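*Asks:* what shape does this take:
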Amino acid sequence: MTHTVIIGAGPYGLSLAAHLAAAKADFRIFGKPLTTWRDHMPKGMQLKSDGFASNLSAPDPDSTLKAWSARNGREYDDTLIPVELANFTDYSAWFQTRHVPMLEDRQVVSLARGPQGFTVRLDDGEQVEAGRVVMTVGINWFTHVPEELKALPPDLASHSYFTRDLGDFAGKKLLILGAGSSAVDMAVLAGEAGADVTLLARASFIRYHEVPDPDAESWLRSIVHPSSGIGPGWRSFMCSNAPLLFRSMPERLRLRATRRHLGPAPGWFMRGKLKAKTLLSHTLESARENGGGVLVTAHGPDGMTRVAADHMIAATGYRPDLRRLPFLDGGLREQIAHVAHTPRLSVNFETSVPGLYVTGPLAANAFGPLMRFMVGAEYAAPRLAAHLRKMAAKKQAVA
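*Replies:* Numbers count the residues shown, from 1 in each chain. Take a look at the predicted model:
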C-alpha cells in the first residue's frame, strides 16, 4: 500500500515528486521523464517560454534553470536569451537525477477504484494499491488533428507532436498547417534543412511575441503592462499570479478565457526567419492522396487554392479530454464530474472522486491557462504537496 501514486513524469509530475521527496513523504512516481521535450520536439528548436519561466520546481532554490546554467557554463538570461531545447533537456535530466531518483520508468496501463482507494496496474504486470493518485499527464494523449486529415495514412499526414527531425524532409515538398509556435518553428527548421515549405493557416497574420527591449522597461510600463510567466499584460499577469481567483470565476467565463487567451503565437526570436510560402486566411476544405503525395484544397480570399505536397504536418495544437486517457478505467472516468470533458477540481486539485487529483493541461479549465505551461508547476507542486502531506498526517493520526 502506497499513500500517493503520481502518474506522469513531465514538469508537473517531477516537480510534485521533488516537493514530496524533500518532505520524505510516502509516494511512487511512474512515467518516462520529460518525454515530450526529449522525443517530440524538433531538434534545434528553442523554447517559447522565457528563461525565468522554464524551471522545474523544488524546495531547493539552487534548482532553477538559471542556477544550473551558471554552474554549467550555459548561456542564460531571464528574458533576452531564448532557452535552447538541448540546454533544457540537460537541465531536466540533472533535476530528475538530483531530486527524483526514485522515478520508475514504467507506464501505467490501468487506473481503477480499489479496495483501499485505487488500483494502479503497470506495463510489467505489477499492481500497486494507492490511497491517493495524482494524474500529471501532459499533452501526448491530446493531439488535435482536423477531420479532413484523419483518413490520410501517417506517411502522408502527421501531427507536429510526432515530428522530431525536420531533416527528413530535405528535398521534399512539405505543407504545414497552423500559424502558432510549432508551425513556424517547423517551417523555419525544415526550410533550413532543405525542404520546400508552404505554411497554410486560417489566421490572417502571424502574431509573434514582442521582442523584449530592456531599454524600454520602466516603472510605468511595469504597471501598465506587467510581465508574467505566461506573457505580458494584466490578463496574463492575473492568470499567472491568481489561479484561485480564476477558479472562482463563473464557469462560462473560465471556459471562454481558457479557450481564447494566449492563442497561437511564435516566439519573438522567430521574427524574420520564416522564408516559406505562406497562405494565410485560408480554411482547409479537403485533403486526399495524390500520386504518392497529398493534395490539399483550401478556401482563401481569392477563392479555392490547391497545394500538392509530399507530406503534411498538422501543427494544430492539443485538446485535453479525459476520454482520451487509455489507462483510465471507464467506470472511474464516469464518476469524475467534468466540464468540457476536463475535471472539475477543488482548490487542492482534487476531482469529485475523493483521493484522485489532476494537474497540468487537464486542469486548465479550472485554474486557467497557467496550467497549459511549464511554469504552472511552480504553483501546483508546492500547494498539492502540502495538501497531500496534510492528508497523510491526518490518516496517521487516526491510525
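
*Asks:* and Phe373, what is it in contact with?
*Replies:* Ser49, Ala53, Gly229, Ile230 (Cβ atoms under 8 Å, 6 or more residues apart in numbering). C-beta coordinates here come from the backbone N, C-alpha and C atoms, glycine included.

*Asks:* backbone dihedrals for the third one, please?
*Replies:* Meaning Gly229. phi -70, psi -10 (degrees, to the nearest 10).

*Asks:* so it touches Pro369, yeah?
*Replies:* No. Here Gly229 does not reach Pro369: they are 10.7 Å apart, not a contact under Cβ atoms under 8 Å.

*Asks:* picking that back up, may I see the contacts of Phe373 arranged in CSV, with secondary structure, neighbour count and pLDDT as well?
*Replies:* What follows is those, written out as CSV (DSSP: H, G, I helix; E, B strand; the rest coil; neighbours: other Cβ atoms under 10 Å; pLDDT from 0 to 100):
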residue, secondary structure, neighbour count, pLDDT
Ser49, coil, 20, 92
Ala53, helix, 23, 95
Gly229, coil, 22, 83
Ile230, coil, 26, 78
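
*Asks:* of the residues you listed, closest to Ser204?
*Replies:* Nearest to Ser204 among the contacts of Phe373, counting by Cβ to Cβ, is Ile230 at 23.9 Å.

*Asks:* and that closest one, what is it in contact with?
*Replies:* Neighbours of Ile230 in contact, by Cβ under 8 Å, 6+ apart: Ala53, Ser236, Cys239, Ser240, Leu262, Pro369, Leu370, Phe373, Val375.

*Asks:* which helix runs longest in this structure?
*Replies:* helix 377-398 (DSSP state H).

*Asks:* name the SS class of Gly231, please.
*Replies:* Three-state assignment for Gly231 (DSSP: H, G, I helix; E, B strand; the rest coil): coil.

*Asks:* hmm, back to that, report the buried residues of the longest helix of the chain.
*Replies:* For helix 377-398, burial by neighbour count (16 or more other Cβ atoms under 10 Å) applies to 377-385, 387-389, 391-392.

*Asks:* any stretches of the chain with poor pLDDT?
*Replies:* Applying pLDDT under 70 to the chain flags the ranges 216-222, 224-225, 399.

*Asks:* domain parsing for it?
*Replies:* 2-142+318-398, 147-207+265-314 (automatic domain parsing).

*Asks:* what angle sits between the helix or strand hosting Ala21 and helix 377-398?
*Replies:* Assigned by DSSP states H and E, Ala21 belongs to helix 11-22. Comparing the axes of helix 11-22 and helix 377-398 via axes from the mean of the first three to the mean of the last three Cα atoms, to 10 degrees yields an angle of 40 degrees.

*Asks:* just checking, His387 touches Asn348?
*Replies:* Yes. Contact criterion Cβ under 8 Å: His387 and Asn348 qualify, at 4.3 Å.

*Asks:* can you pull the contacts of Ile29?
*Replies:* Val5, Ile6, Ala9, Gly13, Leu14, Ala17, Val100, Met102, Leu103, Glu104.

*Asks:* how about the strands in the stretch 151-300 of the chain?
*Replies:* Applying DSSP state E, counting those that start in this stretch to the stretch 151-300 of the chain gives strands spanning 157-159, 173-177, 196-200, 277-279, 283-290, 293-300.

*Asks:* before we move on, back to that, for the longest helix of the chain, packing partners?
*Replies:* For helix 377-398, the contact count by 3 or more Cβ pairs under 8 Å, 6 or more residues apart in numbering; DSSP states H and E identifies strand 2-7, helix 11-22, strand 127-135 as packing neighbours.

*Asks:* 10 Å - rerun?
*Replies:* If you count contacts as 3 or more Cβ pairs under 10 Å, 6 or more residues apart in numbering; DSSP states H and E, helix 377-398 packs onto strand 2-7, helix 11-22, strand 27-30, strand 127-135, helix 234-241, helix 243-247, strand 356-358.

*Asks:* possible to save those as CSV with distance to Ser204?
*Replies:* As requested, those are exported to CSV (distance: least, Cβ to Cβ, whole Å):
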stretch, distance to Ser204
strand 2-7, 41
helix 11-22, 33
strand 27-30, 44
strand 127-135, 38
helix 234-241, 22
helix 243-247, 29
strand 356-358, 36
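
*Asks:* from the chain's centre, how far out does stretch 14-25 sit?
*Replies:* With Cα atoms, centre = their mean, to the nearest Å as the basis, stretch 14-25 stands 21 Å off its chain's centre.

*Asks:* Gly267 and Arg207 touch, don't they?
*Replies:* No. Contact criterion Cβ atoms under 10 Å: Gly267 and Arg207 do not qualify, at 11.4 Å.

*Asks:* got the contact list for Val100?
*Replies:* Going by Cβ atoms under 10 Å, 6 or more residues apart in numbering, Val100 touches 6, 9, 13-18, 20-21, 29, 33, 56, 58.

*Asks:* buried stuff in stretch 323-331?
*Replies:* For stretch 323-331, a neighbour-count test (16+ other Cβ under 10 Å) marks Leu325, Phe327, Leu328, Asp329 as buried.

*Asks:* returning to that earlier point: closest to Glu285 out of the contacts of Ile230?
*Replies:* Closest to Glu285, out of all of those and judged by Cβ to Cβ, is Leu262, at 28.0 Å.
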